[in-house]
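Novice: I would like the atomic coordinates for the input below:
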Amino acid sequence: MIDESIISGESPEPSAEIRLTQYAHGGGCACKIPPGELESLVGGLPADLTFSNGSELLVGLHDGDDAIVVRSAGNSTMILTTDFFTPVVDDPYDWGRIAAANALSDIYAMGGTPVMAVNLLAWPRDRLPIGLAAEVMRGGMDIAVAAKCYLAGGHSVDDVEPKYGLAVTGTADAGRLLRNDAGRPGTPISLTKPLGTGVLNNRHKATGERFPQAVETMAELNREASVAALDAGAACATDVTGFGLLGHLYKLARASGVTAVVDPSAVPYLDGAREAVRDGFVSGGTHRNLGWVDPHTDWGAAVRTDDRLLLADAQTSGGLLVAGEVPGSPIIGELVESRDRTLVVL
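Specialist: Next comes the predicted model:
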């Protein structure tokens, strides 16, 4: 239940424990605009820009990739992305760590290396102590340091809801990018982090229960997974965030002109995730994700409703979904020749 002081606009009592998740209508990547609406929103924008300055757009809007990639006239390849969201956990330092790791993930999902970033902060300064915002940014800085990515400056606004994230610039080898449209039939699908952060975060928001296993997986960088994917020869990948595993896999398979076959029994989950679904802690974003992919999915007779919801669970700072075998990561399915449905869940 939302604290009534939030609705009234009053500041909480100084002695009260401040639960950041109660200051936002949604949490983490579950507060994204639904995928179908987002595609309609950007559908009218030019996807293939060309300028006469010697630069070249390598990855743009066309296939819904994780970041924009441009090769400059000097032949350097640059990646740019941004990501920010409302509190996914109550602890401000952990929220900062998670938001920063999530923003950096888009660079890793393209096969790049983050180089520099700036902060993006929205803060209800009359309702939340500014010292909490400092803790959020400290968490972001610690993750940036761990990634060896310079972080300074940025932009802040006074807002009704707290929001935090980064805008990140990285570099890559143009010949070794990971992109949505490079999947080929006969390729295994690897997943580098377990699912379940969405339902566990939703339970945390509703009850105050803490799930350290979810916090640590969300704060974990996808750097090693990205390097391992490239070393294994992968050319196609994305990260799993607000559209859920099936939503991001659908986009990848559609862009690559293939069908993705998933074995639900091979998908790893965080401890407590199944119980959270059973007990009804499923976000509206997850239901919207499932509604979006359902018309494009051939469901096996044994796939239960709970399994469908977990596969569509709106993740925050999830792992990489790689078309290829990544050492140490489970194989959850394969890409096959295109069929009537883009997704097949056995």
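Novice: C-alpha from now on. contacts and neighbour counts both.
Specialist: OK.
Novice: so where's the stretch 51-200 of the chain shaky on pLDDT?
Specialist: 52, 61-66 (pLDDT under 70).
Novice: can you show me the strands along it?
Specialist: Using DSSP state E, counting those that start in this stretch, the strands found in the stretch 51-200 of the chain span residues 56-59, 68-71, 77-85, 113-123, 150-158, 163-172, 188-191.
Novice: now the helices for the chain?
Specialist: In the chain, the helices defined using DSSP state H lie at 4-8, 35-42, 92-109, 130-146, 197-207, 212-219, 223-231, 244-256, 273-278, 284-293, 305-311.
Novice: Throw those into JSON lines and include distance to Ala172 and mean neighbour count, thanks.
Specialist: Formatted as JSON lines, the helices of the chain follow (distance: least, Cα to Cα, whole Å; neighbours: other Cα atoms under 10 Å):
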{"stretch": "helix 4-8", "distance to Ala172": "44", "mean neighbour count": "12"}
{"stretch": "helix 35-42", "distance to Ala172": "25", "mean neighbour count": "13"}
{"stretch": "helix 92-109", "distance to Ala172": "9", "mean neighbour count": "29"}
{"stretch": "helix 130-146", "distance to Ala172": "18", "mean neighbour count": "19"}
{"stretch": "helix 197-207", "distance to Ala172": "29", "mean neighbour count": "25"}
{"stretch": "helix 212-219", "distance to Ala172": "23", "mean neighbour count": "18"}
{"stretch": "helix 223-231", "distance to Ala172": "11", "mean neighbour count": "20"}
{"stretch": "helix 244-256", "distance to Ala172": "20", "mean neighbour count": "25"}
{"stretch": "helix 273-278", "distance to Ala172": "35", "mean neighbour count": "18"}
{"stretch": "helix 284-293", "distance to Ala172": "31", "mean neighbour count": "21"}
{"stretch": "helix 305-311", "distance to Ala172": "30", "mean neighbour count": "19"}
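Novice: distance to Thr81 added to those helices, as JSON lines?
Specialist: Output for the helices of the chain, formatted as JSON lines (distance: least, Cα to Cα, whole Å):
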{"stretch": "helix 4-8", "distance to Thr81": "32"}
{"stretch": "helix 35-42", "distance to Thr81": "16"}
{"stretch": "helix 92-109", "distance to Thr81": "7"}
{"stretch": "helix 130-146", "distance to Thr81": "15"}
{"stretch": "helix 197-207", "distance to Thr81": "22"}
{"stretch": "helix 212-219", "distance to Thr81": "18"}
{"stretch": "helix 223-231", "distance to Thr81": "16"}
{"stretch": "helix 244-256", "distance to Thr81": "17"}
{"stretch": "helix 273-278", "distance to Thr81": "29"}
{"stretch": "helix 284-293", "distance to Thr81": "22"}
{"stretch": "helix 305-311", "distance to Thr81": "25"}
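Novice: if we can go back for a sec, save the strands of the stretch 51-200 of the chain as CSV, and put in distance to Gly257 and mean neighbour count too.
Specialist: What follows is those, written out as CSV (distance: least, Cα to Cα, whole Å; neighbours: other Cα under 10 Å):
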stretch, distance to Gly257, mean neighbour count
strand 56-59, 17, 18
strand 68-71, 21, 22
strand 77-85, 24, 22
strand 113-123, 28, 21
strand 150-158, 38, 13
strand 163-172, 25, 25
strand 188-191, 15, 25
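Novice: tell me the domain boundaries of the protein?
Specialist: Domain assignment for the chain by automatic domain parsing gives 4-175, 180-345.
Novice: so which of the strands of the stretch 51-200 of the chain gets nearest Leu20?
Specialist: Closest to Leu20 of the strands of the stretch 51-200 of the chain, according to Cα to Cα: strand 163-172, at 10.3 Å.
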